[in-house]
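Asks: compute the structure for the input listed below.
(chains A and B)
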There are 2 protein chains.
Amino acid sequence: MTKHMFLKAATGVAFLLSASTALKADVVPVSDDTRETAAMLRDKALKSDAAYEILESLTTEVGPRLGGSEKEAEAARWAVAKLKALGFDKVYTEPVTVSKWERISESASVVAPYTQPLSITALGKSAATPEGGITAEIVHIPTYEALLEADPADIEGKIVFISNRMERFKTGAGYGPAVQARGKGAAEAARKGAKAIIIRSIGTDSHRLPHTGGVNYEEGTPPIAAAALSNPDADLLERMLDRGKPISIHVDVQTKFHGDVTMHNVIGEITGREKPEEVILMGSHLDSWDLGTGAIDDGAGVAITVAAADMIQDLTKERPRRTLRVVLFASEELGLIGAKQYAEAHKDDVANHVIGAESDFGAGPVWALASKVSTGSVHVVDTMAQLMQPLGVVRHGREAGGGPDVGQMVKIGMPGIDLMQDGTDYFDLHHTADDTLDKVDPEALKQNVAAWVVFAYIAAEWPGDFR
Amino acid sequence: MTKHMFLKAATGVAFLLSASTALKADVVPVSDDTRETAAMLRDKALKSDAAYEILESLTTEVGPRLGGSEKEAEAARWAVAKLKALGFDKVYTEPVTVSKWERISESASVVAPYTQPLSITALGKSAATPEGGITAEIVHIPTYEALLEADPADIEGKIVFISNRMERFKTGAGYGPAVQARGKGAAEAARKGAKAIIIRSIGTDSHRLPHTGGVNYEEGTPPIAAAALSNPDADLLERMLDRGKPISIHVDVQTKFHGDVTMHNVIGEITGREKPEEVILMGSHLDSWDLGTGAIDDGAGVAITVAAADMIQDLTKERPRRTLRVVLFASEELGLIGAKQYAEAHKDDVANHVIGAESDFGAGPVWALASKVSTGSVHVVDTMAQLMQPLGVVRHGREAGGGPDVGQMVKIGMPGIDLMQDGTDYFDLHHTADDTLDKVDPEALKQNVAAWVVFAYIAAEWPGDFR
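Replies: Numbers count the residues shown, from 1 in each chain, chains lettered A, B, ... in the order given. Predicted structure coming up:
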C-alpha cells in the first residue's frame, strides 16, 4: 500500500507526493545532469519569443482554418514548412478523413411583438433551415435537463431557446454542465418536434460575438438548424420573455455538407539518441473554428509544443534518449477526428508511446501538474513539478486525462500528463470571432513553454519507464 | 475685477469658487429650503430604479433606432407614450427633416498574399462600392494628417488604410484627434484618387466589433465607400504590412440614400409654477446607431434626464418656479440634425432658455461639474457642486460647452452646464454592436440621476438669472 504524504508547496497549495516510492531501492532516479539541463531549458524558455513568433505567423499568414476546409489544408502546409524550417529531424503527415461542413450564412431577428436583430452563429455541423429561413414562436427552456423533461406538446412547431449561462472557473469546470445544451440540445429538441434550436452561447463574456462549437445529431431524428446567441442577445430575449407575451423570431441558417475530404495530422520529431522508437507525444490541434483566427484555440498549443520541442534540439548537447513527437492534430473541433484516427493507426504501437501531454486550453499560464503514470514513476513527475515551481506550478492530485486529443492514446494505455492552464478568461473567447492574437499574453506563452520544456526533456531523457 | 479663490474640495481636487460674488449684496442666494429639497431629491434618486427601468424598456422594446429610420419613428412613439405614462405636464413633438441613409451589407477580406476575412462596418452615411465590391491594393497611412501630406501618386487607385489608434482617457480626450480619420478621411482620400477608405475603428477596445460613426463627404470629390475595421483586424493588417509585401483586399459595402424624411424631437415638460415660459433645457438624443441597442449612446442619457425630471414632479410639494423641458433629440448621430433644427426653431426664444445641460456620454458616473453662466450665478453652480459632493462630484474650472445637442443653444447665448461623466470605458462600446444594456451599471445610473436632479431642481427653483 502506498503511503501518501501531503506537503505544502511554496505557493500555498497542497500537493501530493508519493513519498514511499521515492524511498524504494529499485526506483530509477532523475539524474542531477537531467535536472540541471531541464532547469537551464526552463530559464531559456522564459527569455524566448519563439512560441509567440510561431503563433504570430500562423494567425497572420493563415488565420481561420476550419477542419475539412482548404484553409485547414493550407495550415498543414504552413506547419510542414515551419517544422522543416526549424530543423526538426523528421517532418511528415498522416492522412485524416473528415466530413466537410461549411458555414454559408446566418441571421436572426425578433419579429413580434418587438423587432430587433439578434447576433447569432450557426453551431458547427448545424443543419440548414429551409432557404429564406423560418419564423416561429420561441419556447424558453432553461437547461438541457429541462428540455429532457419538457412535454413535446410545448415544443412541437416552435423554436427552442435554452438560456443556461456558463459559470466562470479557473479550471473551466463550468463548460461541461453548460455545453450539454450545445452538443445534445438539437437532437432532443428535434425529437420533440422543434423547428430549430437557439442556445445562449457557451461562454463567459458579455460581447455580441456568439460562440460556435460542435452539435451532434442522432439517427432517427431530423437534423434541425442549431445556432448560438451572444450573451447580450440571450439576455435580451429573456427580458422580452419576462413581459409574458409570445415572442416570435426569424432564423435563417444556411450551411452545406460536402462529404468526405482528406486532411492531415502534421508530425514533427526530434529523434531519440538511444531509443528512437520510444516517443514522448506532445499534442495540440492545428484546425480552428472559422470565426476567429484560432489564436488561443489552439494556435497557442501549436506554438507552445513546437517551441518546446525545438528548444530541446537547439539547446541540449545531444538529442535526449527518446524521440519527441509533436503531433498537430487535424479537425479536432469537428469531433477529435485527427486524434481518433491517430489512435486507430497507432494502436498497435501504443507500447512505444511512453507518455503524452496536450496543450489545448488557451494561452493562460500553467498552474498545476497532474499525472497518470506508474507508481514507480510518480517521483519523476514530482521532480518535474519541483522544477516548475519557480513558474508558479503546483503538483495536482487529480488523475490526468491527457487532453481531448492525446487522451485518445491515454484511453488505450499510454501514460499521460496534464499541464493545467489557468482558464479563467478562456471561455470569454473560445470559439468566437474574438479569438485573435491580441488576446495572448506573450509572457504567459513563455511560461507555458518553460513548463513544457521541463516535462518534455525529463520525459525523454529519464531512463526509467512511466508505464 | 473678479477675485477668485481656490478651495480644495473634500475629494482632493481643486475647484474654483467665485468668492467675491458670494459676498456681493445684490446676489440672489439659494435658499435653505431649495438646498434641502435638492438634497432630498438626490438621496431619493440613489434609491430609485426609475432610470434603469426606462433604459430597460427602450433597449428591450425598441432597440436599434438609426436616425431617419422607421425604428427612430418607433422610438419617438415609445418616448411619447413613456412621457405621458410618467405624467409629464406637456408631451409633444417637433418635426425634424432628416436625409435617410441605410446600411444594407458590408464585408471585406484580405485576398493576397494571404486570405483572411476582415471584420468591418460601413461608416454612417458611407457611399456604396460598385455592386460586388472592389479589390485593390491597400496603402497604409498612419494618420489623417499623414493623408493630408500624402502624394496622390501613392493613393491613386488604391484603398487607403488609416491605422491611428485612439487613446483611452477619462474625459474621452483621445476621441477628437483620432476621429479626424473617420470624419474627414474619405473626402481627402477621394480627392487623391483612392477607390475606398478603411480606418482602424475609433475605439479603445480589442474586440471584433467595429465602430461605426458619421463620415462627411465634400462637394466636388467623389463619395467613396468608407468603413471601419475592428481593432484586432487593424492589428492583423498592420502585421501583414510589416512583412513588406503588397496587400490586396476586397471590400463590398452596400448602402442606400433615400432622401428626406420627417422624424421628431420628443419633448416632455414639467410646467413651472411661476415662470412657465422660462425653461431649463435637459437634453439627450433618442436615436442610436443601428449596430447596437443604444444603451450607453444615448439610451442612458434619455433615461437619466427623463428620470430626473420625473422625480421632481413626483417628489416636490409643488412644481418648481420654472419649466423643466426634457428634449429627446432626433438623429443626433447623423450630424446633430434634431438639435440644429431645434436651435433654428427656437432661436427667437433663446432668452427664455435659462440654462441647459445634456447627458450624452454613456452611463459612467458624473465626476465633475463645469459651467458657462453669468458671474452673478456662479455661486449657484458652486452650490449644486456642493450638493453633489457626496456623489463624488467636484467643481471643474473649464467652460461648459453644453454637449453636442444642447450646445447648439449655448452657441447662441443660452447658459450651459456640463455634468461631466467618467468616460474611461465609453469608447470600448461607442457606436458598436456591443452597446447593450448589460454594459450599464445600475448604480452609476442612479448616481447620474442624483446629480441631474440637483442641477435641474436648483436651476428651476432659484429665482435669480444665469444669463
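Asks: quick check: bridge partners of the closest residue to A:Thr135 other than its chain neighbours?
Replies: With CB to CB, 6 or more residues apart in numbering or on different chains as the criterion, A:Thr135 has its nearest non-adjacent residue at 4.6 Å, and that residue is A:His250. Every residue, glycine included, has its C-beta placed from N, CA and C. A:His250 forms beta bridges with A:Ser109, A:Thr135, as assigned by DSSP bridges.
Asks: so how far is chain B from A:His250?
Replies: From A:His250 across to chain B, the span is 15 Å (CB to the nearest CB, to the nearest Å).
Asks: my read: that residue touches A:Ile134, true?
Replies: Yes - between A:His250 and A:Ile134 there is a contact under CB atoms under 8 Å: 7.2 Å.
Asks: more crowded one of those two?
Replies: A:His250 (20 against 16; other CB atoms under 10 Å in any protein chain shown).
Asks: just to revisit the earlier point, so what's the residue nearest to A:Thr135 up against?
Replies: A:Ala108, A:Ser109, A:Val111, A:Gly133, A:Ile134, A:Thr135 (CB atoms under 8 Å, 6 or more residues apart in numbering or on different chains).
Asks: please apply the same query to A:Ala75.
Replies: Residues near A:Ala75 by CB under 8 Å, 6+ apart: A:Leu58, A:Val62, A:Arg65, A:Leu286, A:Asp287.
Asks: any weak-confidence spans in the stretch 1-150 of chain A?
Replies: Applying pLDDT under 70 to the stretch 1-150 of chain A picks out residues A:1-25.
Asks: could you work out the most separated pair of the contacts of A:His250?
Replies: A:Ser109 and A:Ile134 (12.1 Å; CB to CB).
Asks: for the contacts of A:Ala75, which one is nearest chain B?
Replies: Of all the contacts of A:Ala75, the one sitting nearest chain B is A:Val62; the distance, using CB to the nearest CB, is 7.5 Å.
Asks: what about the closest one, neighbour count?
Replies: Neighbours around A:Val62, by other CB under 10 Å: 24.
Asks: what of the one 5 residues further on?
Replies: Residues within reach of A:Gly67, counting by other CB under 10 Å, total 31.
Asks: my guess is it meets A:Glu333, correct?
Replies: Yes - assessed by CB under 8 Å, A:Gly67 is found in contact with A:Glu333 at 5.5 Å.
Asks: what is in contact with the two at once?
Replies: A:Asp287.
Asks: what helix or strand does A:Lys44 sit in?
Replies: Per DSSP states H and E: A:Lys44 is located in helix A:32-45.
Asks: which residues touch stretch A:167-177?
Replies: With contact meaning CB under 8 Å, 6+ apart, stretch A:167-177 is reached by A:164, A:166, A:178, A:202, A:204, A:361, A:367, A:420, A:422-424, A:426-427.
Asks: follow-up on the earlier one: TSV for the contacts of A:Ala75, including secondary structure?
Replies: As requested, the contacts of A:Ala75 are exported to TSV (DSSP: H, G, I helix; E, B strand; the rest coil):
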residue	secondary structure
A:Leu58	helix
A:Val62	coil
A:Arg65	coil
A:Leu286	coil
A:Asp287	coil
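Asks: can you name the residues of chain A that neighbour chain B?
Replies: Proximity of chain A to chain B (CB under 8 Å from any CB of the partner chain) is limited to residues A:56, A:59-64, A:71, A:114-117, A:119, A:206-209, A:231-232, A:235-236, A:239-240, A:243, A:292-293, A:432-434, A:436-439.
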